[in-house]
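Q: Need the 3D shape of this:
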Amino acid sequence: PGYYGSPQIGAPAPAMGPAAGQGGFFVPGAGPAPVPQMQAPGPAPYGYPAVAAGGMMPPQQQQQQMGYPAPQADGLAQQFSQMGLGQGQQEYQNAVLSGRPQLAMLDEAPPAAKLPAGITCVPSESAYCPAQIKRSTLNAIPRTDKLLKKTKLPFGLLITPFKTPDEGEAPIQVAPDIVRCRRCRTYLNPYVRFIDGGRRWQCNMCNLHNDVPISMDFDMVAQEARNRWERADLNCAVVDYIAPVEYMARPPMPPVYVFVIDVSYAAVQIGAPGVIAQTILASLDRIPNIDGRTRVAFIAVDAALHFFQVRPGSAEPQQLVVSDYDEVFLPSPTDLLLNLSECRAGIESLLARFEGMFQTNHSVGNALCPAIQAAQKMLGTLGGKIIALLASPPTVGEGKVEIRPEGKDLGTPRESDLLRPQNGWYKTLAADCTRAQVAFDTVFMGQQPMEMATVACLARYTGGSVFHYPSFMAARRPEVDRFTHEFGRHLGADIGLEAVLRLRASKGLRMAAYYGNFFLRSLDLLALPSVTPNHCYAVDIEIEETLTAPVVYFQAALLHTTSFGERRIRVATLAVPTTENIHTVFHHADQVAIASLLSKKAVDRALVAKLEDARDALQHKMLEIIAAFKTECTQASSGATTQLQVPRALQLLPQLVLASLKHTSLRCGNNITVAARIAAMNLVLTLPPELSVQPYLAPRLYALHDLPPHAGYPDEQTGVTVLPPRLGLSSEVLAPHGVYLLHAGHDSFLWFGRGASPALCRALLNEQDVASIPNGVISFPDLSGGADAPADGYELNFRVARIMRRLSDLCHGLWRPVTFVAKEDGEPVIRLMLAQRLIEDMDTSAPSYQQFLGQLRDKVNRGSF
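A: The predicted model follows:
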C-alpha cells in the first residue's frame, strides 16, 4: 500500500541502527519508516520564518507570523469543498469598487493554496514554496482551458531564483545527492509518494514509479546510515544540489569582470570616469573572490581603445592605446586579464590614477563596439561579464548608431518606433555572447542621448542589468552617493554564472511565453550567462488537456556556477490545487502576481508593437476580468449595475492596472524621454512582483507630522522598525500644515505644506521654517550622528531616518533613493514629479481612480469590450 511518508507527529519513532534494518541502515519494508525527531531547530531555512523551539510550527501559526491571514477552513472535506471538489460551497467575500482603495492589502499574503492534508511526504513547513521565490497568479487552477478562458484571468508563474535573503535567514539547504524521475527528469521533492513499503517512489509530475536508490538510506562514502526523512529535498520546496561532473560541459569558470569605461569628452564633463574608478576601487573587497580566481580587466574608450597591462606583483600599470579597429586585436596576449588577488597593488594604483589620466581628454568619439569585440577576445572561452559604463553614444566602428531626434515624436504613434533597436548588431552580438557565456550590464550616465533602446539589447538578451542615471554629475553629492551605493552593491552581489533555467509542469500544462532578461534557447530552457539577484522571470501557462489530478506541480531547475566556483542546481517546486468551481478560481487569484505579470506583458508588447496597443490591451484585460466576474459570480449577471463587484482577492487590481498605465514605462504624453522609458521598462521586466508592484508602480505615502507613538522605533518582539499607517495616493490627503514622505523605490519625496510649523522643520531637517528648506535634491541629514538614540530636539529626524532605512530594506537595498523636497508652493517641475506618482488623481495621461472605475462600469454595462 502507498503512504505519504512518516507517521503522524507524536507517534513513537523507531531508532535508527541495526534494529531498523540490516547493516545498520533503514531497509524499506523492514519496519516502520523512521520519522524526524522534534527538536529545537536552528536558523529558519531560506525564505521561511523562524520556528519556535520545541518543534515544527503549525501552518496557521507560521502564516500569522509572516503576516498572512490564517486559513478559515478546518478539515480535508472543507478544503476540498473550497476547491470545488465536494458538494459544499464556500461563502466567499466580494468587494464593491467604491471609495478609496485600501492599499494596506498589498502587504497581505496571497490567498493560501488549499492543499490536501498529508500531501507532503514529510510534515515540514518548509515544503511549501515561498511566494518570494515562485508565485502563481492563480492559487486554484481551473481544470479545463474552457473554464480558464471563462474567467479571463491570466495564468502564469513569476520565478525569482536568486532572491536576496532577508536578515536572519539561513542559506538554502543542500541536498546530499541527486535523485530524479527516470522519465520526466523531475527532481525529488516534498510531494513525491513512497510506495511498496518505501522501496519505490512515485513521481508527482508524471506518476511514474521509480526505484529508491540505496544512497537515500546509506552513505556509501562515509559508510553510515542516513535518515531519508531528514533529506533537504524531502523537507524543503527550495533546495540546492551540488552538480556532479555529468552536469558540466567544462570545469566551473572563475568570475570575470571586464569594465568598459567611457572616457570621452562627454564623460569627463560630468566627472564620470573618476567616480566610476573610485567606486570600483572601494568595491574590490566586495567583488566575489572567495577562491582567489576572480579576474578583472579595464578598457577605456573614446575615439580609441585604451588597454591597461599589470604584471603580478607590480604596482605600475602600463597603458596600451589602439586606434585601428578595422580588425580588432589585443595589444598584449597576456597581462590584460588580471587576477584580482595577484595584481591587487597594480589594480589599486590604476584606479587611483584613472581620473587624472583623462581629465583633459577632448575626444568626442565612443568606440564601444570595438571595445566589446576586444573584450570578447580577451575573455576567450572563459565567459564572464562585460560592464559598459557610458556617457555618450557609440559612434565609432562597427555597430555605431545615429542619434534619432525624438522631440516631435514623443507622445505620438511614432514614439513606438524609437523604442525599437536602430539595428540588429547588438542583438546578434548578444546571442553570440550568450553561447560563449558572456553577459552584459549597461550603465548610462548623464543627459546626452545614447540610443538606449539599441544598446540596452546587450543586457536584455544576456540576463544582465540596465542602470540609468540621467542627472548624474560628480558635483552633485546625492547623485554620487546613489551611484556609489547601487553600483557598488551590484558589483558585490553573489551572482550565478553559466546558467540555464528549465521549467517543468504537470501533464496538461504548457509554457507559452516568457518575459524578462534572458535568451530563449528552447521552449522550456532559458539561457542566462549571468543570474542577477532579485531578477524575476515570468512565464505564461496554457492548459492543453483537462487536469484530472487534484493538485498540479511546477518545478524550476537552475543549473549555474556559484561565485565561489561550485556547479550547483537550485530546484524550486510549487504545488497548486485544481478546481472546477469558477468562484474558487476568482477568490484564490493573486492580485499582486497578476498585476506584475500584466505589466510585464504590456511592456513586452510595447517593445515589439506599439505603446497604444500595450495600453489598450492592459485596460481591455481589466475590463474582461470584471465583466467575467459579474457574469459568472454575481447576482447581477446581466443588465446594468450601479456598482462594480470583484472578489476581495482582486480588490486592488483596478488600481494596480491604473498605476501601470500611469507609470513611466507606459504613461502617455510628451514629457517622458525615450531613455527614461526604456530604463523603466527594463525594471518592470526584471523586478519581482513584491517590488514591481510596490513601491515601483504604487509608491508608499506616510504622514510624518502625525506619526503614531511606536512608528520609527523597533518592534519589541521582532526588532524591525515599525512603519506608520499607509495613506492613499491622492493629493486630497495632503494637509496644508503637514509633512509627508512618498517612497517610490528609486526616488523619494518630502512634501511640505505651506503651513508646516517651524518646529516641525527644525526637528526633521534642522531648518528654521519651510521657506529656508532648499528646493530640489537633498541628502537626508543624520542629526543623531549615527547614534542608536535621537539627539535632543531631533527625535523626528531619528524616527524618519529609521523609517527610510526600513523602506530600503524592504527593497532588498536595490536602490539608494534620491530625496526631492517638494513644497506646496515650490518648484513646478518637482511638484509635477510628485503629482505623477499620486495615481488616484487625474492628470493629463490618464483619469483618476474614480473616473477609471466609472469608465469600467459604463463599458461593462454596455457590453462594449
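Q: which residues touch the residue minimising distance to the centre of the chain?
A: Nearest to the geometric centre of the chain sits Pro688, at 2.9 Å (CA atoms, centre = their mean). Pro688 is in contact with Gln132, Leu158, Thr160, Lys163, Asn534, His535, Cys536, Ser596, counting by CB atoms under 8 Å, 6 or more residues apart in numbering. Where you see a C-beta, it was placed from the backbone N, CA and C, and this is true even at glycine.
Q: How are the helices of the stretch 151-300 of the chain distributed by residue range?
A: Assigned by DSSP state H, counting those that start in this stretch, the stretch 151-300 of the chain shows helices spanning 232-235, 265-269, 272-282.
Q: how distant is the second one from the center of its chain?
A: Yep, that's helix 265-269 we're talking about. 33 Å (CA atoms, centre = their mean, to the nearest Å).
Q: re earlier: mind telling me the two of the contacts of Pro688 farthest from one another?
A: Lys163 and Ser596 (14.6 Å; CB to CB).
Q: Looking at those two, which one has more neighbours?
A: Set Lys163 next to Ser596 and count neighbours by other CB atoms under 10 Å: Ser596 wins out with 30 against 22.
Q: residues in contact with Met842?
A: Ser848, Gln851.
Q: so it, which of the three states?
A: On the three-state scheme (DSSP: H, G, I helix; E, B strand; the rest coil), Met842 is labelled coil.
Q: so how far is Tyr696 from it?
A: Per CB to CB, to the nearest Å, Met842 is found 22 Å from Tyr696.
Q: burial measure for the closest residue to Leu410 other than its chain neighbours, as a count.
A: Nearest non-adjacent residue to Leu410, counting by CB to CB, 6 or more residues apart in numbering: Asn670, 4.1 Å away. Neighbourhood size, Asn670 [other CB under 10 Å]: 14.
Q: Looks like Asn670 contacts Gly411 (just checking).
A: Yes: using CB atoms under 8 Å, Asn670 is in contact with Gly411, at 3.4 Å.
Q: Please verify my assumption that Pro317 contacts Phe308.
A: Yes: Pro317 is in contact with Phe308 according to CB under 8 Å; the separation is 5.0 Å.
Q: shared neighbours of these two, anything?
A: By CB under 8 Å, 6+ apart, the residues touching both Pro317 and Phe308 are Leu350.
Q: Pro758: what's it in contact with?
A: Gln768, Asp769, Val770.
Q: between the residues you listed, which is nearest Gly380?
A: Taking those together and measuring to Gly380 by CB to CB, the closest member is Val770, at 60.5 Å.
Q: That closest one - how many residues pack around it?
A: 21.
Q: And Met434, how close does it get to Val500?
A: Wrong residue type there; residue 434 is Thr, not Met. 10 Å.
Q: When the two are compared, which one has more neighbours?
A: Thr434 (21 against 18).
Q: Let me have the contacts of Pro758 in a markdown table, adding secondary structure and distance to Thr428 as columns.
A: Formatted as a markdown table, the contacts of Pro758 follow (DSSP: H, G, I helix; E, B strand; the rest coil; distance: CB to CB, whole Å):
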| residue | secondary structure | distance to Thr428 |
| --- | --- | --- |
| Gln768 | coil | 60 |
| Asp769 | coil | 59 |
| Val770 | helix | 55 |
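Q: ok, those vs Val245, which is closest?
A: Looking across these and measuring by CB to CB, the closest to Val245 is Val770, at 67.7 Å.
Q: residue contacts, that closest one?
A: By CB under 8 Å, 6+ apart, the neighbours of Val770 are Phe752, Gly753, Arg754, Ala756, Pro758, Cys761, Lys823.
Q: Try it again at 7 Å.
A: Val770 makes contact with Phe752, Arg754, Ala756, Cys761, Lys823, according to CB atoms under 7 Å, 6 or more residues apart in numbering.
Q: which two in those are spaced the farthest apart?
A: Going by CB to CB, the pair spanning the contacts of Val770 furthest: Arg754 and Cys761, at 12.0 Å.
Q: quick one, which of those two is more surrounded?
A: Per other CB under 10 Å, whichever of Arg754 and Cys761 has more neighbours is Cys761, with 20 against 12.
Q: quick one: the more buried one and Val821, what's the gap?
A: 11 Å.
Q: Could you do Gln645 as well?
A: 42 Å.
Q: and the two? which has more neighbours close in?
A: Taking other CB under 10 Å, Gln645 and Val821 do not tie; Val821 has more neighbours (20 against 17).
Q: pretty sure the more buried one is touching Ile773, no?
A: Yes: assessed by CB atoms under 7 Å, Val821 is found in contact with Ile773 at 5.8 Å.
Q: so how many other residues sit close to the nearest residue to Gln202 once chain neighbours are set aside?
A: Leaving out its chain neighbours, the residue that sits closest to Gln202 by CB to CB, 6+ apart is Arg193, at 4.3 Å. Residues contacting Arg193 under the criterion other CB under 10 Å number 18.
Q: Adjust the sequence numbering to begin at 125 for everything that follows.
A: From this message on, residue numbering opens at 125, which makes the last subject Arg317.
Q: my guess is Arg317 meets Arg324, correct?
A: No: applying CB under 7 Å, one finds Arg317 not in contact with Arg324, separated by 9.5 Å.
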